[in-house]
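J.: What shape does this take:
(2 chains)
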Amino acid sequence: MGEFKVHRVRFFDYMPSAIRAMAFNRQSERLAVARADGAVEIFNFSDNYFQEKVIPGQDSRAVEALCWVDQRLFSGGLNGEITEYDLENLKPRYTVAAYGGPIWTISSNNQGTMLALGCEDGTVKMFEVLAEKVQFQRNFDRQKGRIISLSWHPSGTLIAAGMMDMIRVFDAETGHATHRLLVERGVGASKSREVVVWSVAFLSDHTIISGDSAGKVQIWDGVTGTLLRTHLVTKWDVLALSVSQDQSSLVAGTSEGTVIQFQLISSTVGQQDKEWVRTRTFKNHSHDVRALAHTETAVVSGGMDTQLVVRPLLDKVEKNTQESSLRKIVFPHRSLVCCAKKAGLLLFQFPEHLELWRLGESEGHGKPGDSLTVKTKPEKLIQLKRKGEDHICCSALSPCGGWMAYSTVSSVRLYRLQYNNNNIGITKVSRLPKDLCSVHQLCFSSDSSKLFASSSHSSVIVVALNQQECTYLHTLKPKSSSRQPVHLLFASEDGKWLATANTDCEIHIYNLDKLKLHCTVPVYSSYPTAIAIHPLTSNLVVVHADQQIFEYSLEKKEYTEWSRKLQKLGLHSLWLERDTPVTHITFNSRNPAHIILHDMFMFCIIDQSLPLPEAKTLLYNQMTLRSVPEPERIRHSHAFKICKNFQHLLCVRLLEDHSLVVVERPLLDIMSQLPAPVRQKKFAT
Amino acid sequence: MAKAKRGNATSSSKMADNSDKQAEKFSLMLDSSDDEAPEEVTFEDSKTQALRSMKQALDTARREKELLKEKRRKRQELFQEQKKRKLLPADVLEEIDPTEGALNNNTDLFDLSPSCFSLKGNYTVATLEERSMASFQQQAAEDFIQSRLYGPGSCRTTSNELLSLQNKKGWNKSAAVQFVKKDWGKFSRINHGY
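T.: Numbers count the residues shown, from 1 in each chain, chains lettered A, B, ... in the order given. Here you go, the predicted structure:
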């Protein structure tokens, strides 16, 4: 494999944002997740839980609730506005003010015709969902307290609203409140505080289930308005509830980080009378669980510890398979770090600013595993705060380090960097071509002469960079009529090719000399998570969300021999079972047979000159190979050389001087900066 | 009822006499259970007293009315003053309004001509950034969530405690995270390798 000097970087203070709300769309199997900074992420549950789309946040958006209506996504926020999102252009389509103060909850009826909002001023507002917008229809009877949560009865005729100290049942046609269910306050000190009904669920048999701040899950009869059963599940708050599609299972999320399942089963076998019985308790979070979704086969939870956890239910999936394993999605599924290979610079993307760092230098040599002394410490050169309220969508740094660019949903900004001795100068390029407005991905060419920006309808805008200004060159358009955004861009080292991948799983290759489409790679059903073009052989290497690897020859417009061999043999099962996607592919200038790729827990050097691992051979064999004598080694080594020394990787790159840059973000560092968890007294501590 | 009759200035003395006698009788009847003899109050005295109290009442009412009028007058004056101050001095108005001669005296001085004019001197117009009602409400809502989840009575601990607990219960017990992490703690560490 070779010896590498490794820059082990831990100064990227990446902090993910807490999960605030989520909504699952059963038809498309997509989960929409809203974060505390206003960002909305879409995960594809049918393709290995890949994070398909990210809509960047905004300072004032403060999303409190998300709701799907068919394939349209709506959110309500504390700024009092309903936002509909454009999932093809990854930005808000429009916002409508509700004029009820902060919106606490938003929910649509089963028919998909109405949106009900729960507002701070005590009104439940009904909005009609029209083709191009939502329109205010009417208010329900105004109540004296704020409406924190609401749930439609599946028939669409009744709404249960959780408020302070009570639950109100409304008739959806007249808007009058019919029942008032009084919720008991907590005991002891909390008797003086009002109890907040954080979440309600209305079932088709007119049962209402509520979760409140006193830690109770209560079952009510919605017809008579009486309390049937109380379950005290925690000392703290029950923050979220979610009911399965068939209404036989319910999950409740608490401030302790536990998710408690209730199931509608009969207490004795064979009896007809069913009741809600507490069955399972999952403790997969260290902090409050604020959002839950109950899918057909799994429980999805998220909260203040920023991790999205998918817990498959063992009575719905086969045990001990890939399907039944717990999944934790911690890091974003795309790269937040740009590396200028020639200049040894790193650009870190934060939602509100960018940081440019120069890597340190060390001297001396050592044996594998040694830590070398640092001669020059790494230095933060620039911290650039973004303008306006919108968060940064994507950023790029040219390989020579002379240009830096970032984009938000509303604008693109380009900067020229000059280095004189120890000073660095940054100047903004003022007049950009007006086509560069809503851009999803940015990429510089390897000679820093061009900037590629992906725009709407999977097109790519090419602008030329010279000295201090930039001029529009061309717009590259694919032949297909795809409206999906491009999420991956790669410009080849020789400047001849540009590869793009979009969320319709299409990969297009453009010839930059002729500025037109060269070919389209045959569509594979899983999302491409990383693409790269080999500098010498001009082969395109693609890794997909289901961990499949393909190599496609651009000259011959067909899959390469090596790729066919790999597909025929099949990838090793341990490789396919990895649960984090490969986010970057790079190559080794000293050894053309090497492909270097990484995911969150490992980086791997695939040596195409070595034989591929069989299904029964040990995949992670680097440690054993080291202990075996030299002649034996050649017999046992295979193409996949995996190194797990560095964990929680955000980025792995190879610099021009053949040293590896590894950006780690230990999860412990993230955990230590999270807000306060609940205090739990444990025995013997 | 007896008192009212006594206080009525237009009542004839005869009537007064009668009522007085009646009152005396009434008071005698009332005090029949008392041991003390009632006070002897002559009619003249009570009449003057009544008249005096009535006059006093009228006086105070009049005084109050006067005070109120005064207050109102003062306030009106103040408004006039402010109004005058708000307007530009009369000569400037003359200068800028070309049709000044045609203006009626009764025209409201606020009706400036709609044509634009430049301000003399170094003046610039700037809009103050006011926090709108929506953002105040948003802040209040965020404070509500914060106080319910993290406020008093929420029984919270620190991340350090949580990590310490995990450390204590784990297989490999190591140093507390607060000492190992270089970001925490006030002293800096010299690092080999970063």
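J.: Which strands and helices lie in contact with the one helix or strand residue A:218 maps to?
T.: Assessed by DSSP states H and E, residue A:218 sits inside strand A:216-221. The contact analysis (3 or more Cβ pairs under 8 Å, 6 or more residues apart in numbering or on different chains; DSSP states H and E) places strand A:216-221 against strand A:207-212, strand A:226-232, strand A:238-243. Yep, even glycine has a C-beta here, placed from its N, CA and C like the rest.
J.: Tell me which of the ones you listed lies nearest to residue A:219.
T.: Residue A:219 lies closest to strand A:226-232 among the helices and strands packed on strand A:216-221, at 4.3 Å (Cβ to Cβ).
J.: for the longest helix anywhere in chain B, packing partners?
T.: Counting residues, the longest helix in chain B under DSSP state H turns out to be helix B:43-86. If you count contacts as 3+ Cβ pairs under 8 Å, 6+ apart, helix B:43-86 packs onto helix B:2-7, helix B:13-31.
J.: thinking again about what came up before, looking at the helices and strands packed on strand A:216-221, which one is packed in the most?
T.: Across the helices and strands packed on strand A:216-221, averaging neighbours per residue (mean count of other Cβ atoms under 10 Å in any protein chain shown) puts strand A:207-212 on top, at a mean of 26.
J.: quick one: strands adjacent to it?
T.: strand A:197-202 (antiparallel), strand A:216-221 (antiparallel) (DSSP bridges).
J.: quick one: contacts of it?
T.: A:151, A:160, A:162, A:167, A:169, A:181, A:183, A:195-203, A:216-222, A:228, A:237-241, A:243, A:250, A:252, A:276 (Cβ atoms under 8 Å, 6 or more residues apart in numbering or on different chains).
J.: which of those residues are buried?
T.: A:151, A:160, A:162, A:167, A:169, A:181, A:183, A:195-203, A:216-220, A:222, A:237-241, A:243, A:250, A:252, A:276 (16 or more other Cβ atoms under 10 Å in any protein chain shown).
J.: So for residue B:106, what pLDDT did the model give?
T.: Looking at residue B:106, its pLDDT is 46.
J.: Quick one: end-to-end length of stretch A:293-312, please.
T.: Criterion Cα to Cα, to the nearest Å; first-to-last residue distance in stretch A:293-312 is 12 Å.
J.: Give the rounded mean pLDDT of that stretch.
T.: 95.
J.: before we move on, what about stretch A:101-108?
T.: 95.
J.: May I see the helices and strands packed on strand A:216-221 organised as TSV, with mean pLDDT added?
T.: As requested, the helices and strands packed on strand A:216-221 are exported to TSV (pLDDT from 0 to 100):
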stretch	mean pLDDT
strand A:207-212	96
strand A:226-232	95
strand A:238-243	96
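J.: Tabulate these (a markdown table), appending distance to residue A:105.
T.: Output for the helices and strands packed on strand A:216-221, formatted as a markdown table (distance: least, Cβ to Cβ, whole Å):
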| stretch | distance to residue A:105 |
| --- | --- |
| strand A:207-212 | 13 |
| strand A:226-232 | 22 |
| strand A:238-243 | 11 |
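J.: among the helices and strands packed on helix B:43-86, which gets the worst mean confidence?
T.: helix B:2-7 (a mean of 48).
J.: Residue A:290: which element?
T.: Using DSSP H and E, residue A:290 falls in strand A:289-294.
J.: got the angle between that strand and strand A:238-243?
T.: 10 degrees (axes from the mean of the first three to the mean of the last three Cα atoms, to 10 degrees).
J.: Contacts for strand A:289-294, please.
T.: Under Cβ under 8 Å, 6+ apart, the answer for strand A:289-294 is A:18-24, A:31, A:33-34, A:239-245, A:249-255, A:257-259, A:299-304.
J.: Just the buried residues of these.
T.: Buried among the contacts of strand A:289-294 by 16+ other Cβ under 10 Å: A:18-24, A:31, A:33-34, A:239-244, A:249-255, A:257-259, A:299-304.
J.: Please flag which of those sit within strands.
T.: A:19-24, A:31, A:33-34, A:239-243, A:249-254, A:258-259, A:299-303 (DSSP state E).
J.: show me where pLDDT drops low in chain B?
T.: B:1-34, B:87-119, B:127-131, B:177-194 (pLDDT under 70).
J.: and if we set it to 80?
T.: B:1-39, B:85-134, B:153, B:170, B:172-194 (pLDDT under 80).
J.: from the stretch 451-600 of chain A, which residue is nearest to chain B?
T.: Residue nearest to chain B within the stretch 451-600 of chain A: residue A:598 (19.5 Å; Cβ to the nearest Cβ).
J.: measure the nearest residue to that residue once chain neighbours are set aside to residue A:582 for me?
T.: Ranked by Cβ to Cβ, 6 or more residues apart in numbering or on different chains and with sequence neighbours excluded, the top spatial neighbour of residue A:598 is residue A:652, at 4.0 Å. In this structure, residue A:652 and residue A:582 are 10 Å apart, going by Cβ to Cβ, to the nearest Å.
J.: Common neighbours of those two, please.
T.: By Cβ under 8 Å, 6+ apart, the residues touching both residue A:652 and residue A:582 are residue A:598.
J.: which of the residues in the helix or strand that contains residue A:94 are buried?
T.: Element membership of residue A:94, judged by DSSP H and E, is strand A:91-97. Going by neighbour count (16+ other Cβ under 10 Å), the buried part of strand A:91-97 is A:91, A:92, A:93, A:96.
J.: could you check the angle strand A:197-202 makes with the helix or strand that comes right after that strand?
T.: For strand A:91-97, the following helix or strand on the C-terminal side (DSSP H and E) is strand A:103-108. For strand A:103-108 against strand A:197-202, the angle by the same axes, to 10 degrees is 10 degrees.
J.: who's in contact with strand A:103-108?
T.: With Cβ under 8 Å, 6+ apart, strand A:103-108 has contacts from A:64-69, A:74-78, A:80-82, A:114-120, A:129, A:146-152, B:141.
J.: do the same with stretch A:173-191
T.: A:124, A:126, A:138-141, A:143, A:157-158, A:165-171, A:193-195, A:197, A:208, A:210, A:212-216, A:218, A:220, A:222, A:225, A:227, A:230, B:153.
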